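Undergrad: Have a look; sequence and predicted model below, questions after that.
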Amino acid sequence: MSTASYGIRGGDFEHAGSASKALKEMLKKVGVEPNTVRRAMIAAYEAEMNVVIHAGDGVMDVSLEKDRLELTVSDHGPGIPDIAQAMQEGFSTAPPHARELGFGAGMGLPNIKRNSDHFEIDTAPGQGVRLRIVIQLKPQRTEGAARNSLLIAAERCTACLQCLRACPTNALRLRENRPVLLEDRCVDCTACIAVCEPGVFGIKADDRVPASAPGAVLVAPLGFLTQFGPEVSPGMVVEALKDMGFDDVRIFEEWEQSLREAVQGYVRESAAPRPVLTPVCPAILNLIGLRFPSLVGHIAPFLTPMEAAREDLQGRTAEYLAGCPSQHTVLTPVGTAPGMRSPKGLYNVLRPKVGEKTPVAASSAEPLSAPSGAKSVQITGLQHVIRVLEEIENGLVSDLDIVDLYACDQGCLGSPLWHEDPFLARKRGSCAPAATARAVRRTQRPAPRAGIRLDTDMAKAIAKLAAIDRLTKELPGRNCGVCGAPVCAVLAEDIAMGRASLDACPYRTEKKETTE
Amino acid sequence: MLLKELAEKIGAALVASGDAEIVDITNAYGSNRISELLNEASDHTLLVTDLGTALMVRVAELMDAPGICLLNGMDPKPEVVEAARNHGKALLVSPADMTETCARLAACLDQSRLDKK
């Protein structure tokens, strides 16, 4: 159980609402779902304002259990002579100066009752008021914050540790010679897929190839259309896809190009902090939310290209072929299930068919064309992306207006799901942006992610930080990975978080002996 | 409809922008009673009121309302504008009164709903 107590000063309209604000922060820290927070805020604010308006001083006592909030708001004011009358909507004894501020509508106590699961008033003339408010709490759903589409075929693992070292967010561990994912930390970036030769990692997509729905349009990345060798142009692949029953095939890069143009317009009109980050790669948005939350305000307020395609094609039967796990994740939100196609499954079906098509001349448009006009740059590959984000965070990138960041080397053509080299793919590819593709405004900023936080309680987080520091000094610093964590500091964190024990390190005694 | 676009359409000045460029407004509610505004506020609701006080910004903050629209061409006090900026809330000033402002907002939001269909 957690408790807190907040003083309320009668007549202090300047600070009125501070106790409710503190309660709100408390509820958000423990992850209460928004509608319950809303109800609690109405009840708490009305109760707090009653003290401010009517009493000399008071106190809000908060008691928070696993699924129950209890507020006791008590004051030493004049008390309520007739509770039944006070509970009637429209009855108020608020003085004129409070009415001028919008209070005194006679709705305070009824509002508290309406938004509580249990409500009691204990009062008598001259003896103050004590309100007891109970609200049942529901936890906030967190699926949206930590989902990913990384498929792990653990039986293929050779325990080479490459994936542990490649992961930019330390989301992977090796347990009993098998990779284990800390899902809250995974940003769907493909770094593990790129370094894993046995092919342990892939995308969570069904490799079966069902018949396409009548009139369906397929949205596919250019990378997929360039996987069939030098003799097969993207146009031939499109024709083969239409033979499979798709009414139309749209290229993902159409929306990517529209997004870039929209961001240029946004930069011209907006005073948003520079450089503005183009939300072209969902994995990078995840990475920013997790490791660089201070840069969330730099992200241009648009949907990623695959999300924009989905919005754009609303009303049509559309199927999507994601070029990486992060594209797959943004297209499969909780509650909806658009047709998702597996690149591997579709490739296997198309491979024998595409050679039969007549060659189609490729256009000269580049899939990863540099934005023009504003001072801009495209950064590809996680190592470079992380270095640039660190520099932006440190205020060292004052010479740029727009930065496009891609997790994969050479952008989406460099997804490790493709076997063709991205430079060859670009040479062979073509992408004439269609006039109908449009960028779509985002209605909510991407939220910082909690996965990297040590604890939702700051005091506990501080204690864990101290433990990590102490444990790191106890460990040998060999960073060998034998314990299953990529480096000693990460093992120290795992121990502090209860995910591992100190016994996991086989070399710990060695350091002790050396020190002695 | 984006809050910034809505402000332009009803002829309101955007004194503090908050998240006006990215927040989608689906509802607006006009009242000079705090209790009513508390009941109707949501993260997609524009609060319309004559109450140009820092207390109103606190109400928007507690209820996650993205913005407040003041009326009659009111010149909000600097501390109110500062409070709105500090808490990331949009502050609009409509030249019209409550009835006219709400009528303009209703027309824009109705049209926006029809366009989305």
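TA: Noted; the coordinates are in hand. Here the structure is a predicted model, which means the values were calculated and not measured.
Undergrad: now residue A:202, what's its secondary structure?
TA: strand (DSSP: H, G, I helix; E, B strand; the rest coil).
Undergrad: hang on, it packs against residue A:151?
TA: Yes - assessed by Cβ atoms under 8 Å, residue A:202 is found in contact with residue A:151 at 4.3 Å. C-beta here means a position set from N, CA and C on the backbone, and glycine is covered the same way.
Undergrad: Looking only at neighbour counts, state which of these two leads.
TA: Counted by other Cβ atoms under 10 Å in any protein chain shown, residue A:202 and residue A:151 do not tie: residue A:202 has more neighbours, with 20 against 14.
Undergrad: residue contacts, that one?
TA: A:150, A:151, A:153, A:193, A:344, A:417 (Cβ atoms under 8 Å, 6 or more residues apart in numbering or on different chains).
Undergrad: among these, which are in helices?
TA: A:193, A:344 (DSSP state H).
Undergrad: Filter the contacts of residue A:202 down to the buried ones and express that as a ChimeraX selection.
TA: A single ChimeraX command selects the buried members of the contacts of residue A:202 (16 or more other Cβ atoms under 10 Å in any protein chain shown):
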select /A:150,193,417
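Undergrad: Packing partners of the host helix or strand of residue A:319?
TA: Element membership for residue A:319 (DSSP states H and E) is strand A:318-321. If you count contacts as 3 or more Cβ pairs under 8 Å, 6 or more residues apart in numbering or on different chains; DSSP states H and E, strand A:318-321 packs onto strand A:217-220, helix A:305-312, strand A:339-341.
Undergrad: closest to residue B:112 out of these?
TA: Between residue B:112 and the helices and strands packed on strand A:318-321, the tightest spacing by Cβ to Cβ is seen for helix A:305-312, at 15.4 Å.
Undergrad: in that closest one, what counts as buried?
TA: A:305, A:306, A:307, A:308, A:309, A:310, A:312.
Undergrad: next one: it to chain centre, how far?
TA: 18 Å (Cα atoms, centre = their mean, to the nearest Å).
Undergrad: Quick one: list the elements packing against it.
TA: helix A:252-269, strand A:318-321, helix A:325-330.
Undergrad: is any part of the following helix or strand past the first one close to chain B?
TA: Following the chain from helix A:252-269 toward its C-terminal end, the next helix or strand by DSSP H and E is strand A:276-278. No - judged by Cβ under 8 Å from any Cβ of the partner chain, strand A:276-278 makes no contact with chain B; its nearest approach is 11.7 Å.
Undergrad: Residue A:412: which of the buried residues of helix A:305-312 is nearest?
TA: residue A:305 (8.8 Å).
Undergrad: does the closest one really touch residue A:260, like I thought?
TA: No - between residue A:305 and residue A:260 there is no contact under Cβ under 8 Å: 9.4 Å.
Undergrad: List the contacts of the residue lying closest to residue A:490 once chain neighbours are set aside.
TA: Leaving aside its chain neighbours, residue A:490 sits nearest to residue A:170 (5.0 Å; criterion: Cβ to Cβ, 6 or more residues apart in numbering or on different chains). Residue A:170 makes contacts with A:182, A:185, A:485, A:486, A:490, A:493, as judged by Cβ under 8 Å, 6+ apart.
Undergrad: now residue A:397
TA: For residue A:397, the contact set (Cβ under 8 Å, 6+ apart) comprises A:275, A:388, A:391, A:403.
Undergrad: ok, now residue A:440?
TA: By Cβ under 8 Å, 6+ apart, the neighbours of residue A:440 are A:302, A:303, A:307, A:308, A:311, A:312.
Undergrad: shaky segments in chain B?
TA: Residues of chain B meeting the criterion pLDDT under 70: B:116-117.
Undergrad: for the particular helix or strand that has residue A:283 in it, packing partners?
TA: Using DSSP H and E, residue A:283 maps to helix A:282-291. Helices and strands touching helix A:282-291, as assessed by 3+ Cβ pairs under 8 Å, 6+ apart, comprise helix A:325-330, helix A:382-393.
Undergrad: distance between that helix and the chain's centre?
TA: 7 Å.
Undergrad: what angle sits between that helix and helix A:382-393?
TA: On the basis of axes from the mean of the first three to the mean of the last three Cα atoms, to 10 degrees, helix A:282-291 is oriented at 50 degrees to helix A:382-393.
Undergrad: Contacts for helix A:282-291, please.
TA: So helix A:282-291 is in contact with A:168-169, A:185, A:187-190, A:277, A:279, A:295-296, A:299, A:304, A:306, A:324-327, A:329-330, A:382, A:385-386, A:389, A:405-407, A:446-449, A:451-452, going by Cβ under 8 Å, 6+ apart.
Undergrad: Give me the buried positions along the top helix by length along chain A.
TA: Longest helix in chain A, counting residues (DSSP H): helix A:34-54. Of all the residues in helix A:34-54, those buried under the rule 16+ other Cβ under 10 Å are A:36-54.
Undergrad: and if you look at stretch A:477-490?
TA: Those would be A:481, A:483, A:484, A:485, A:486, A:487, A:488, A:489, A:490, for stretch A:477-490 by 16+ other Cβ under 10 Å.
Undergrad: what's the answer for stretch A:63-71, then?
TA: A:64, A:69, A:70, A:71.
Undergrad: do stretch A:228-242 as well
TA: Within stretch A:228-242, judged by 16+ other Cβ under 10 Å, the buried ones are A:228, A:232, A:233, A:234, A:235, A:236, A:237, A:238, A:239, A:240, A:241.
Undergrad: Likewise for stretch A:317-336?
TA: A:318-332.
Undergrad: Would you reformat the helices and strands packed on helix A:305-312 as a markdown table and include mean pLDDT?
TA: Formatted as a markdown table, the helices and strands packed on helix A:305-312 follow (pLDDT from 0 to 100):
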| stretch | mean pLDDT |
| --- | --- |
| helix A:252-269 | 90 |
| strand A:318-321 | 88 |
| helix A:325-330 | 90 |
